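Peer 1: structure for this input, please:
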Amino acid sequence: MINQELKKKAETGIVTAMHELANVFLDDNNTNETIFWTEKAAKLGDAEAQFEMANACYAKKDFNGSFQWEQKAAKQGLPKAQHDLAIHYQDGTGTPVNPEQQFYWHQKAAENGVTDSKYLLAVCYLSKIGTPLDLNKAIYWLQQASNEGHAKAKTKLGVAYIKGISVSVDKKKGFSLLREAAALGDDKAKALINKVEKSNSGSGYNYDSNEIVKINKVEETGSGSNSNDDSYEIVKLKKENPKDVNDQLLLAMDYDPGLGGNDGKKACYWYTQAAKQGSAEAQNNLACLFFNGSGVSKNRTKAKYWYKKAAKQGYEKAQRNLDKGGFEDPIGIILSVIGALVLSSITVFIIGNFSPFYYVGLIAGWIIVKEMRKRL
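Peer 2: Predicted structure coming up:
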């Protein structure tokens, strides 16, 4: 039932009444009258009506019309219109792709409280979309979006805490964020958690750094050309000859067959470059390549060499890989046996008889010699 008083107000040009009347017709499923009064209100400057007209045009695939109405509403400060206008510029719907405008309107919408734009603004800072790379600002906006329950923001922020990207390393907090994101349905968080669990079960790889590449490599921000969220510019690195150890490591991980890549030889080359610069993670992953034969010939001697290099730097995974890899050689076993016997004999000499201390000395000797050999 149409309120006649409301209709009279609308007919006299009261914009709020027009918009309200349009909503009444919408509830009555009267599409023609809904569009008629919504458009009248929109033409008279009602931002909400303009936003609704933009949506109506978009539904009809009138992208130019949608863009025009979105622009009018956004310029009046309507946050949701500002967000959608940024998407128009991102995807090139109704207007050419424009990274600077994409960034500008996501920034406006983010500052006005739109959660999705807070996340996408962080993506802009990470991927240099319409703005220079700024990890600090990216982390700030990821934090804002994460606090409001944005799953993808939690994933990216979790990785940042795991690796210490513009924040202090806090793996407990990082994995907590990943679990929250996974619970919210984010597939990348689920995949990362699964890979970490596989890593912990004995594959020997440190997946954390690789996932920064993998997670940031493709971002579902739309179908346009700016949907690539490659924060570490892997494509660019492949065209260059990176000297920075972190760039070399990330490039190697992108090639690594054991981490989803497809070129073990290139992975080996770049791991070697980073390993020679002292990267314990590169040394460990290079050893894994040789140990598993991932795209290169298996070579236990080289695997042991690089595991030991990484282990000497305190890289725990490398030490675990050494311990479980069956790298103990016959000479080492003989030396350990001799060491154990010598220490146990000394124990007997001091104590004067074969007491339980003999066996303590035997075990202690074995352990001491093994630990000494690890450090050689």
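Peer 1: pull up the gap between Phe63 and Ala81, please.
Peer 2: 15 Å (CB to CB, to the nearest Å). The way it works is simple: take the backbone N, C-alpha and C, and place the C-beta from them, glycine included.
Peer 1: neighbour count: the two, which is higher?
Peer 2: Set side by side, Phe63 and Ala81 show more neighbours around Ala81, with 27 against 18, by other CB atoms under 10 Å.
Peer 1: retrieve the pLDDT associated with that one.
Peer 2: Looking at Ala81, its pLDDT reads 95.
Peer 1: and for Ser176, the neighbour number?
Peer 2: 14.
Peer 1: mean confidence (pLDDT) on whichever helix or strand it is part of, please.
Peer 2: Element membership for Ser176, per DSSP states H and E: helix 171-183. Mean pLDDT, helix 171-183: 91.
Peer 1: mean confidence score for stretch 265-281?
Peer 2: pLDDT averaged over stretch 265-281 gives 91.
Peer 1: just the CA trace of it, in CSV.
Peer 2: Coordinates of each C-alpha in stretch 265-281 appear next as CSV, following Å, rounded to 0.1, in the frame of the first residue of the first chain:
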residue,chain,number,x,y,z
LYS,A,265,68.7,-26.2,-12.0
LYS,A,266,67.8,-22.6,-11.7
ALA,A,267,66.7,-23.1,-8.1
CYS,A,268,70.1,-24.7,-7.4
TYR,A,269,71.9,-21.8,-9.0
TRP,A,270,70.1,-19.1,-7.0
TYR,A,271,70.2,-21.1,-3.8
THR,A,272,73.9,-21.5,-4.3
GLN,A,273,74.3,-17.7,-4.8
ALA,A,274,72.4,-17.0,-1.6
ALA,A,275,74.1,-19.8,0.3
LYS,A,276,77.5,-18.4,-0.6
GLN,A,277,76.4,-15.1,0.9
GLY,A,278,75.7,-16.9,4.2
SER,A,279,71.9,-17.5,4.1
ALA,A,280,71.3,-20.5,6.4
GLU,A,281,67.9,-21.0,4.9
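Peer 1: buried residues in that stretch?
Peer 2: 266-275, 279-281 (16 or more other CB atoms under 10 Å).
Peer 1: any idea how the protein splits into domains?
Peer 2: 115-230, 234-324, 330-374 (automatic domain parsing).
Peer 1: quick one on the thing from earlier: and the helix holding Ser176, which residues are buried?
Peer 2: 173-175, 177-178, 180-182.
Peer 1: cool, stretch 143-158 as well?
Peer 2: Quick answer for stretch 143-158 (16+ other CB under 10 Å): 143-146, 150-158.
Peer 1: contacts for it next, please.
Peer 2: Here stretch 143-158 makes contact (CB atoms under 8 Å, 6 or more residues apart in numbering) with 110, 115-116, 118-119, 122, 126, 139, 141-142, 173-178, 180-181, 184-186, 188-189, 192, 215-216, 219.
Peer 1: can you rerun that using 6 Å?
Peer 2: The list of residues contacting stretch 143-158 from outside it, by CB atoms under 6 Å, 6 or more residues apart in numbering, reads 115, 118-119, 142, 174, 177-178, 180-181, 184, 186, 188-189.
Peer 1: and stretch 63-83, by the same measure?
Peer 2: 47, 50-51, 53-54, 57-58, 84-85, 88, 93-95, 105, 108-109, 112-114, 117.
Peer 1: any idea how far Ala122 is from Ala145?
Peer 2: 7 Å.
Peer 1: burial measure for the closest residue to Ala287 other than its chain neighbours, as a count.
Peer 2: Among residues not flanking Ala287 along the chain, Trp306 sits closest, at 3.7 Å (CB to CB, 6 or more residues apart in numbering). For Trp306, the tally of surrounding residues (other CB under 10 Å) stands at 26.
Peer 1: ok, now how distant is Trp306 from Asp247?
Peer 2: Taken as CB to CB, the span from Trp306 to Asp247 is 20 Å.
Peer 1: where does this protein have low pLDDT?
Peer 2: Counting by pLDDT under 70, the chain has low-confidence residues at 1-11, 13-15, 17-18, 20-32, 37, 195-240, 259-260, 326-376.
Peer 1: any of the contacts of stretch 63-83 buried? List them.
Peer 2: Here, 16+ other CB under 10 Å leaves 47, 50-51, 53-54, 57-58, 84-85, 88, 93-95, 105, 108-109, 114, 117 buried among the contacts of stretch 63-83.
Peer 1: narrow these to those in helices?
Peer 2: 47, 50-51, 53-54, 57-58, 84-85, 88, 105, 108-109, 117 (DSSP state H).
Peer 1: sorry, back to before: could you name the helices and strands sitting against the helix holding Ser176?
Peer 2: helix 151-163, helix 187-198 (3 or more CB pairs under 6 Å, 6 or more residues apart in numbering; DSSP states H and E).
Peer 1: using PDB, list the CA coordinates for that helix.
Peer 2: C-alpha atoms of helix 171-183 as PDB (Å, rounded to 0.1, in the frame of the first residue of the first chain):
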ATOM      1  CA  LYS A 171      55.600 -16.900  15.000                       C
ATOM      2  CA  LYS A 172      53.100 -17.700  17.600                       C
ATOM      3  CA  LYS A 173      51.000 -14.600  16.700                       C
ATOM      4  CA  GLY A 174      51.600 -15.300  13.000                       C
ATOM      5  CA  PHE A 175      50.300 -18.800  13.100                       C
ATOM      6  CA  SER A 176      47.400 -17.800  15.300                       C
ATOM      7  CA  LEU A 177      46.400 -15.300  12.500                       C
ATOM      8  CA  LEU A 178      46.700 -18.000   9.900                       C
ATOM      9  CA  ARG A 179      44.500 -20.300  11.900                       C
ATOM     10  CA  GLU A 180      41.900 -17.500  12.200                       C
ATOM     11  CA  ALA A 181      42.100 -16.900   8.500                       C
ATOM     12  CA  ALA A 182      41.700 -20.600   7.800                       C
ATOM     13  CA  ALA A 183      38.700 -20.800  10.100                       C
END
